[in-house]
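> below are the sequence and a predicted model; questions follow.
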Amino acid sequence: MEAKEMLKKVDHTKLQAHCTWEEIKVLCREAIEFGTASVCIPPAYVERVYKTFGSAINICTVIGFPLGYQVCEAKVCEAKTAIAQGCNEIDMVINITDVKNGDFDKVETEIREIKKACGEHILKVIIETCYLTEEEKIRMCRVVTNAGADYIKTSTGFGTGGATREDIKLFKEHIGEGVKMKAAGGVSTMEDLAAFIELGCDRIGTSRAIGLYKGQQTNGY
């Protein structure tokens with residue numbers, strides 16, 4: 001796959017607590033110019049981006065981010081508000097404490113409730129693989145599938161580690177039919193991008209892809 005085609009699978013991302021409106025506008029203009037799958041932005045910017053760019057851009061935001069331990073009702077409210085403000089895709093963080101306590105039914109219920117709030121809009125479930133054992137990751141593949149989410153996603157990018165090829169291979173083996181995969185965190189080269197797509201990821205969450213692509217073009221690749 002050519003580099004420009006790979007950008008169509010990128011959620012062009014800026015989620016730092018200190019990101020400014022000027023930075024978000026640059027992100028959005030880059031996404032439009034290079035045809036990324038979406039922009040992934042803080043919830044506080046969703047309405048402003050929608051009013052500024054309208055249907056020219058696919059808006060993704062995060063809820064329960066980045067730690068995931070908000071109560072379910074708060075996450076549902078976040079999701080409903082974001083969608084009402086013009087968001088098309090929601091990336092939620094699971095309650096990792098529930099996973100560690102073995103309360104998988106509770107995790108599944110939460111995902112199911114948030115998917116209900118999302119309706120036809122896409123829901124991606126961040127399980128934050130760096131904090132989970134292999135057994136917990138496998139169990140979460142089943143939970144995400146059973147709850148009816150659209151994607152399983154590796155990481156927030158704010159944890160102790162990001163996406164790995166091994167985790168994507170594990171996902172691929174254990175997710176159910178219809179569940180797609182998103183790798184995020186630590187995707188720092190075009191080679192990383194290509195590798196995760198080759199392994200079957202439908203989306204890649206990164207802030208670096210367009211800069212890397214521009215660098216390749218400048219260097220004549």
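That came in fine, so what should we check first? Numbers count the residues shown, from 1 in each chain.
> and the contacts of the helix or strand containing residue 107?
Of the helices and strands defined by DSSP states H and E, residue 107 is found in helix 104-118. Residues outside helix 104-118 that contact it (CB atoms under 8 Å, 6 or more residues apart in numbering): 63, 72, 75-76, 79-80, 83, 90, 92, 94-95, 98-99, 123, 125, 139-140, 143-144, 146-149. (Each C-beta comes from the backbone N, C-alpha and C, glycine too.)
> just the buried ones from the residues you listed?
Neighbour-count burial (16 or more other CB atoms under 10 Å) applied to the contacts of helix 104-118 gives 63, 72, 75-76, 79-80, 83, 90, 92, 94-95, 98-99, 123, 125, 139-140, 143-144, 147-149.
> burial count for residue 155?
27 (other CB atoms under 10 Å).
> and it, what's its pLDDT?
For residue 155, the pLDDT comes out at 98.
> repeat that for residue 1.
So, for residue 1, pLDDT stands at 83.
> against residue 7, how distant is it?
Going from residue 1 to residue 7 by CB to CB, to the nearest Å gives 10 Å.
> so the two - more neighbours on which side?
residue 7 (22 against 11).
> looking at it, the more buried one is touching residue 33, isn't it?
No. Look at residue 7 against residue 33 with CB atoms under 8 Å: they stay out of range, at 9.9 Å.
> residue contacts, residue 213?
Contact analysis of residue 213 by CB under 8 Å, 6+ apart lists 3, 4, 7, 34, 190.
> how many residues are close by the last one?
So the one you mean is residue 190. Neighbours around residue 190, by other CB under 10 Å: 17.
> thought residue 214 was touching it, still the case?
No. Contact criterion CB under 8 Å: residue 190 and residue 214 do not qualify, at 11.0 Å.
> what pairs with the residue minimising distance to the centre of the chain across the strands?
For the chain, the residue nearest the mean C-alpha position is residue 91 (4.9 Å; CA atoms, centre = their mean). Beta-bridge partners of residue 91, counted by DSSP bridges, are residue 62, residue 124.
> state the distance from it to residue 5.
From residue 91 to residue 5 the distance is 23 Å (CB to CB).
> ok, back up a step: now, the contacts of helix 104-118 that are in strands?
Secondary structure from DSSP state E places 63, 90, 92, 123, 125 of these in strands.
> need the residues that contact stretch 168-181.
Contacts with stretch 168-181, where a contact means CB under 8 Å, 6+ apart, come from 134, 137-138, 141-142, 144-146, 149-154, 183, 196, 199-203.
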